[in-house]
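S.K.: coordinates only, no sequence provided:
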Ligand SMILES: Nc1ncnc2c1ncn2[C@@H]1O[C@H](COP(=O)(O)OP(=O)(O)OP(=O)(O)O)[C@@H](O)[C@H]1O
Ligand SMILES: [Mg+2]
Ligand SMILES: [Mg+2]
């Protein structure tokens, strides 16, 4: 008897296969994905395979060398093995020409993480294909980032409690997780999750094409970014996988239409799971809303299948949930129209209107008078906390939606005196004033031909945007965002002693109207939103009767007031 395997925790919704018309739409989808440069060439694929072969050899050599150092015999040292796994888009088979290869190097217990950052890094440096190597041993997930024959590689390392790592090893057995430290557990998790996802979908190729489409659609609609409260790559993959389980014989075009329909109608916060959540051998938390209040607070939970199951959408807020649902609704409409030949797949992938649709925006500006490295640390930290500001804003009575944008904007200025720096700080980030400080902008690396003069210092600025949908009925009431902003400032400042140095690190929240958004947020050739009455010209001179108050100073204080949002724009410095 040939029963069809049931994928997932329920039976399928429908087991019918595609019609001729659906197959045609599916071919058109693939054509559109090709136009979008979703696929790489065979030659490029071959290059990746060869890189992985080389990495496997290097891994074996690495384990061998460490084993010999521990006085093992030649035979034992060789038998210690070592194996390269992959995860991320490459493992799922949805990578494009610009994707990296996410790799995990699994080593036996006598090889340490320290060895990875010394001996393995040394072996890498010895290869002529290596162009860059950046080890980050102190990261939450320690990593070596490198460029190998022009392809970015992320390398993680995990040490298992085994004497040997044979090539036949798979990571599916949860007992392999015994006696691992937290960093090893985190490193191994990515591979275990992607492996399981592929096991749990009925037709991996149907899943891949649908996921490729979602990976174009979601960033285009500005809803792909785990840090800012949207689903990230793993969550989108699991959402597509669940729809594939429900329609095991459908083609990718149909999966996409059902994806939008089912997820729009989903009884959130009912979780999306790909298989029953398992218990396991470790003293670690497994997602369980019956036990943990934090898990009950997840608004659109999407749960990873590999033990220990976690929620991949922990960061979603009420606002981002609303935005995601709006996009699902649009997805239903557009795909319905595609199925009745009124629209095409290109319509689905049209760019978002984030910088056109809100009357009011907050800009969160993290800046550093110092090195690029210092700024990366500071801006990265502020970025990782931005969703906390969103959470605080959306609880205010007058704010219907606090919608974070998924990509921070970066600029670096060269300056020579405090006055110049102050001028930059005061004028950066608004359409009206940005021209006045263009002279300070640092040319990008390719453009700059010479080194900066010695007395030139750098001012790095990262700007994040939050669109505000303000309740018009409460127009007469003041919306005071003083408290959430101050709390946000404190979170960022007080994280470390280093960040308290306001001479170096600064954080400003500015309040902008739509028409005063700076040019950086629009693509080249994109039409700026214009007021109906007065068309502004790019070279417009500064007006003295600015509707936007200037930041109080470049130095930071804890004084932030953004009162009366609908009526009185203001800016705020910290
Ligand atoms: N900052 C991070 N912290 C922890 N894990 C991360 C981080 N960035 C990425 N990862 C892990 O690495 C995986 C792959 O991330 P990556 O950024 O390479 O995206 P991807 O899905 O592979 O897409 P792409 O094709 O752009 O490479 C993620 O799914 C996640 O598990
Ligand atoms: Mg990747
Ligand atoms: Mg990566």
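M.R.: Yep, it's here. As the structure is a computational prediction, the values presented were derived from the model and not from experiment. Ligands and ions are numbered 1, 2, ... in the order given.
S.K.: share the number of residues neighbouring the closest residue to ligand 2 within the chain, please.
M.R.: Nearest to ligand 2, among the residues of the chain, is residue 88, at 3.4 Å (C-beta to the ion). Glycine gets a C-beta too; all of them are placed from N, C-alpha and C. Residues near residue 88, counting by other C-beta atoms under 10 Å, number 21.
S.K.: measure it to residue 280 for me?
M.R.: Counting by C-beta to C-beta, to the nearest Å, the gap from residue 88 to residue 280 is 24 Å.
S.K.: same deal with residue 362?
M.R.: From residue 362 to residue 280 the distance is 43 Å (C-beta to C-beta).
S.K.: neighbour-wise, which of those two wins?
M.R.: residue 362 (26 against 15).
S.K.: surely that one is within a strand?
M.R.: Yes. Counting by DSSP: H, G, I helix; E, B strand; the rest coil, residue 362 is part of a strand.
S.K.: picking up where we left off before, leaving out chain neighbours, which residue sits closest to the residue of the chain closest to ligand 2?
M.R.: residue 102 (3.3 Å; C-beta to C-beta, 6 or more residues apart in numbering).
S.K.: contacts only, for the one you found.
M.R.: 86-91, 154, 156, 190 (C-beta atoms under 8 Å, 6 or more residues apart in numbering).
S.K.: what about the helices in the stretch 101-250 of the chain?
M.R.: Assigned by DSSP state H, counting those that start in this stretch, the helices in the stretch 101-250 of the chain fall at 113-115, 121-125, 182-200, 204-220, 233-246.
S.K.: equivalent analysis for the stretch 351-500 of the chain, please.
M.R.: Under DSSP H, counting those that start in this stretch, the stretch 351-500 of the chain gives helices at 354-357, 372-394, 418-427, 482-493.
S.K.: any idea how far the first one is from the chain center?
M.R.: Centre-to-centre, helix 354-357 and its host chain are 21 Å apart (C-alpha atoms, centre = their mean, to the nearest Å).
S.K.: how about stretch 139-146?
M.R.: The answer for stretch 139-146 is 16 Å, by C-alpha atoms, centre = their mean.
S.K.: close to ligand 3, is it?
M.R.: No. Using C-beta under 5 Å from the ion, stretch 139-146 stays clear of ligand 3, with a minimum separation of 8.3 Å.
S.K.: for that stretch, buried residues please.
M.R.: 142-144, 146 (16 or more other C-beta atoms under 10 Å).
S.K.: in strands, which of those residues fall?
M.R.: 143-144, 146 (DSSP state E).
S.K.: got a list of what residue 22 touches?
M.R.: With contacts defined as C-beta under 8 Å, 6+ apart, residue 22 is in contact with 250-251, 253-254.
S.K.: near ligand 1, which residues of the chain? Just list them.
M.R.: For the chain, the contact set with ligand 1 under C-beta under 6 Å from any ligand atom comprises 87-89, 95, 99-100, 102, 141, 190, 233-234.
S.K.: repeat that for 8 Å
M.R.: Proximity of the chain to ligand 1, by C-beta under 8 Å from any ligand atom, involves residues 87-90, 92, 94-96, 98-100, 102, 139-141, 152, 154, 186, 189-190, 193-194, 215, 227, 232-234, 237.
S.K.: phi, psi of the closest residue to residue 206 other than its chain neighbours?
M.R.: Ranked by C-beta to C-beta, 6+ apart and with sequence neighbours excluded, the top spatial neighbour of residue 206 is residue 252, at 5.2 Å. For residue 252, the backbone dihedrals (degrees, to the nearest 10) come out as phi -60, psi -40.
S.K.: hang on, residue 252 packs against residue 203?
M.R.: No. In this structure, residue 252 is not within contact of residue 203 by C-beta atoms under 8 Å, at 9.2 Å.
S.K.: who's more crowded, the two?
M.R.: A direct count of neighbours by other C-beta under 10 Å for residue 252 and residue 203 places residue 252 higher, at 26 against 17.
S.K.: per-residue pLDDT, that one?
M.R.: Note for residue 252: predicted pLDDT of 98.
S.K.: give the contact list for it.
M.R.: Counting by C-beta under 8 Å, 6+ apart, residue 252 has contacts 26, 29, 206-207, 209-210, 213.
S.K.: redo the residues you listed as CSV? Include neighbour count.
M.R.: Below are those laid out as CSV (neighbours: other C-beta atoms under 10 Å):
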residue, neighbour count
26, 21
29, 22
206, 23
207, 25
209, 23
210, 27
213, 27
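S.K.: disregarding residues adjacent in the polypeptide, which is nearest to residue 72?
M.R.: The shortest distance from residue 72 to any non-neighbouring residue, by C-beta to C-beta, 6+ apart, is to residue 80 (7.2 Å).
S.K.: my guess is that neighbour contacts residue 108, does it?
M.R.: Yes. Using C-beta under 8 Å, residue 80 is in contact with residue 108, at 5.1 Å.
S.K.: overlap in contacts of the two?
M.R.: In contact with both residue 80 and residue 108: 63, 163-165, using C-beta under 8 Å, 6+ apart.
S.K.: bridging residues for the closest residue to residue 520 other than its chain neighbours?
M.R.: Nearest residue to residue 520 in three dimensions, chain neighbours excluded: residue 409, at 5.0 Å (C-beta to C-beta, 6+ apart). Per DSSP bridges, the residues bridged to residue 409 are residue 463.
S.K.: which SSE is residue 13 in?
M.R.: Using DSSP states H and E, residue 13 is not contained in any helix or strand.
S.K.: residues contacting the closest residue to it other than its chain neighbours?
M.R.: Excluding the flanking residues, the one nearest residue 13 by C-beta to C-beta, 6+ apart is residue 246, at 4.5 Å. Contact analysis of residue 246 by C-beta under 8 Å, 6+ apart lists 8, 10, 12-14, 258, 262.
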